[in-house]
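**Q** with the input below, show me the fold.
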Amino acid sequence: MEVIPYTPLCALSEKYGTDKRPEPLGHGYTHYYDSLFPNRCRLVNKVVEIGIDTGASLRMWRDYFPNAMIYGLDCDTNKLLDEERIKSYYCDQAQIGSLQDASFRVCGDIDFMIDDGSHQPQHQIESARVFIPLLAPRGIYVIEDVLEPSLITPHLPYDAHIEYFKIDRDPWSKLMVIHAS
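**A** Numbers count the residues shown, from 1 in each chain. Modelled structure (predicted):
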């Protein structure tokens, strides 16, 4: 049986109540995310997440990346929030113009971007096409909760790694990870 490390990010995810936290209450993504930034948390300057929900993961990212500005994007204006080092904007993944407007607002040099929005393959494809070119060198783009990666990867002009999480109760627990050149 594989021992999954409990990381500082796991603790923050539980503090704020995100669904990225370890099982049994979450997808178990946080230990993997922690492995993406070994000794680099202080070097991350910009994080963008599509899908705000309660704002829990935005707060988690703010605490985990102490020097980063955190941007949240959501199509529900009731979920937009502005707090210390957190700014959010309206963005509807179903509308290319809305994606482009949001990309203009957050600008480039994105160190880490997470798509935890609609989870619809066409929306994930269009969002990736708009935002991946805005990644900083060594930037990372992650699409969360990908039910069927084969519906997305052929439509992206980028190499993607699929990270599988063995959670029997949840067939969505897969990440598509794209690293900037």
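
**Q** what's around residue 39, how many residues?
**A** The local packing of residue 39 (other CB atoms under 10 Å) involves 6 other residues. Using the backbone N, CA and C atoms, a C-beta is placed for each residue, glycine as well.

**Q** what's the answer for residue 134, then?
**A** Using other CB under 10 Å, residue 134 has 19 other residues around it.

**Q** which residues of this structure fall in helices?
**A** Under the criterion DSSP state H, the chain contains helices at 8-16, 30-36, 56-64, 96-106, 121-131.

**Q** export those helices to JSON lines and append columns for mean pLDDT and mean neighbour count.
**A** Formatted as JSON lines, the helices of the chain follow (pLDDT from 0 to 100; neighbours: other CB atoms under 10 Å):
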{"stretch": "helix 8-16", "mean pLDDT": "96", "mean neighbour count": "19"}
{"stretch": "helix 30-36", "mean pLDDT": "93", "mean neighbour count": "19"}
{"stretch": "helix 56-64", "mean pLDDT": "98", "mean neighbour count": "23"}
{"stretch": "helix 96-106", "mean pLDDT": "98", "mean neighbour count": "16"}
{"stretch": "helix 121-131", "mean pLDDT": "97", "mean neighbour count": "19"}
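
**Q** the residue nearest to residue 94 when sequence neighbours are not counted: what's it in contact with?
**A** With sequence-adjacent residues excluded and distances taken as CB to CB, 6 or more residues apart in numbering, residue 94 is closest to residue 123, at 6.0 Å. Residue 123 sits next to 93-94, 117 when contact means CB atoms under 8 Å, 6 or more residues apart in numbering.

**Q** if I look at the residue nearest the centre of the chain, how far off is residue 178?
**A** With distances taken as CA atoms, centre = their mean, residue 114 lies nearest the centre of the chain, 1.6 Å away. Using CB to CB, to the nearest Å, residue 114 is found at 11 Å from residue 178.

**Q** out of the contacts of residue 123, which end up buried?
**A** The neighbour-count criterion (16 or more other CB atoms under 10 Å) marks 93, 117 among these as buried.

**Q** nearest to residue 156, of the contacts of residue 123?
**A** residue 93 (15.0 Å; CB to CB).

**Q** quick one: low-confidence ranges for the chain?
**A** For the chain, the stretches flagged by pLDDT under 70 are 1-3, 166-171.
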